[in-house]
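[1] Below is the sequence, then the predicted model.
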Amino acid sequence: MTTPRTSPTPAPAATPVSVPMGERLAERLADRDVLGALAAEPLIGLGAGRALLMQLAHPGVARGVAEHSDFADRPLARLFGTLDFLLVTTFGTPDQVARIAAKVRGVHTAVRGEGYSGNDPDLQLWVNATLIDSALYIYEHVMRPGEDEPDLAEEYYRQARIVAEVLGCPLDAQPPDLAAFRAYMAETVASLEVTDAAREVAAAVLYPRKLRALAPALMVFRLVTTALLPEPLRDQYGLPWTRNRRRAPDIVLRTATDLHHLTPAFLRRPPRPLLVRLARHRVDRTLASRRARRRQARP
């Protein structure tokens with residue numbers, strides 16, 4: 001198993017902090033208009049697989065997932081769990097955000113081992129960074145805003161930092177602006193070496209044995225994820241990438257761009273309250289299932 005080269009230090013060392021409650025949280029969460037506008041776009045979901053494989057490229061994340069999740073039986077559980085937390089944090093009320101953050105922090109408390117902890121602010125920073133970077137990649141390269149449209153990237157980054165903040169990674173431990181964030185991403189991606197644990201989890205996600213009925217959709221998911229992944233990580237994962245393989249995802253992404261520009265926003269975006277209800281339902285069901293499995297595993 002390989003280990004990463006020298007890790008970048010994009011921000012001052014951080015220590016876990018409690019999630020801000022009451023008026024402080026409400027004040028920060030009132031500033032989510034651009035975050036919500038992009039998160040509501042269905043195309044942003046195309047970057048989910050990219051974000052997950054980038055997360056797993058960090059050895060601490062890969063070990064945590066491999067040692068504390070049933071990814072072989074439920075390969076997409078972590079992906080949907082992260083997306084559900086993101087949806088509630090983006091669209092939920094301050095009370096809803098505080099509750100789900102407390103639940104997730106409780107789960108993270110049990111995720112610890114040699115060299116990693118679920119409540120490590122640096123890992124929280126990296127996980128959220130992959131979500132932000134993937135969303136911005138889709139925004140800039142697939143959604144492709146017109147010249148007459150405002151550039152939302154800087155403001156999106158500023159607002160999206162709250163996702164890591166509510167889990168305990170304070171703002172002063174995160175890159176302060178988009179330029180610093182881009183530098184952090186470039187340095188981090190260059191420093192990572194994909195481990196065997198990461199490849200094992202990635203294989204379970206990309207080729208799930210128990211979801212063969214979804215084979216056509218999974219094939220598209222694999223192609224798009226491979227196409228969007230940064231080249232250094234794609235090579236380290238050993239994902240095949242030839243000229244012929246590029247054609248299919250290119251067609252999918254071009255079609256997605258055209259449909260995005262042809263479809264009015266009110267038809268593209270599902271109702272936000274519905275997104276929150278579905279996300280909260282899945283989170284509660286996932287946590288109940290986790291508690292049941294732990295009870296069964298007790299001697």
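    Looks like it came in fine.
[2] Tell me the buried residues in stretch 269-276?
    For stretch 269-276, the neighbour count (16 or more other Cβ atoms under 10 Å) marks 269, 275-276 as buried. Quick note: C-beta positions are derived from backbone N, CA and C, even for glycine.
[3] can you check stretch 248-262 too?
    Residues of stretch 248-262 classed as buried: 249, 252-253, 256, 260 (neighbour count, 16+ other Cβ under 10 Å).
[4] Enumerate every residue touching the residue nearest the centre of the chain.
    Nearest residue to the geometric centre of the chain (Cα atoms, centre = their mean): residue 131, 3.8 Å. Contacts here follow Cβ atoms under 8 Å, 6 or more residues apart in numbering; on that basis residue 131 touches 51, 82, 86, 160, 163.
[5] Tell me the gap between the host helix or strand of it and the middle of its chain.
    Assignment of secondary structure by DSSP states H and E places residue 131 within helix 121-138. Relative to the centre of its chain, helix 121-138 is centred 6 Å away, using Cα atoms, centre = their mean, to the nearest Å.
[6] do the same with stretch 222-241
    From the chain centre to the centre of stretch 222-241 is a distance of 17 Å (Cα atoms, centre = their mean).
[7] need the contact list for residue 83.
    Residue 83 makes contact with 45, 48, 279, according to Cβ under 8 Å, 6+ apart.
[8] Look up which helix or strand it falls in, please.
    Assigned by DSSP H and E, residue 83 belongs to helix 77-91.
[9] Now do that helix: distance to the chain's middle.
    Centroid displacement of helix 77-91 relative to its chain, using Cα atoms, centre = their mean, is 8 Å.
[10] and it, which residues are buried?
    Applying a neighbour-count criterion of 16+ other Cβ under 10 Å, one finds 77-79, 81-91 buried in helix 77-91.
[11] Tell me, how many residues neighbour the closest residue in space to residue 127 that isn't next to it in sequence?
    Nearest residue to residue 127 in three dimensions, chain neighbours excluded: residue 55, at 5.3 Å (Cβ to Cβ, 6 or more residues apart in numbering). By other Cβ atoms under 10 Å, the residues close to residue 55 number 26.
[12] One more: residue 97?
    When neighbours are counted by other Cβ under 10 Å, residue 97 registers 25.
[13] With the one 10 residues further on instead?
    Other residues within reach of residue 107 by the criterion other Cβ under 10 Å amount to 15.
[14] Look at it and report its pLDDT.
    According to the prediction, residue 107 has pLDDT 83.
[15] And for residue 292?
    Note on residue 292: pLDDT of 69.
[16] Kindly report the same for residue 103.
    Note on residue 103: pLDDT of 86.
[17] Sticking with it, tell me its helix or strand.
    Residue 103 belongs to helix 94-109 when assigned by DSSP H and E.
[18] quick one: strands adjacent to the helix or strand just after that helix?
    Per DSSP H and E, the first helix or strand lying C-terminal to helix 94-109 is strand 112-113. Sheet pairing of strand 112-113 (DSSP bridges) gives strand 116-117 (antiparallel).
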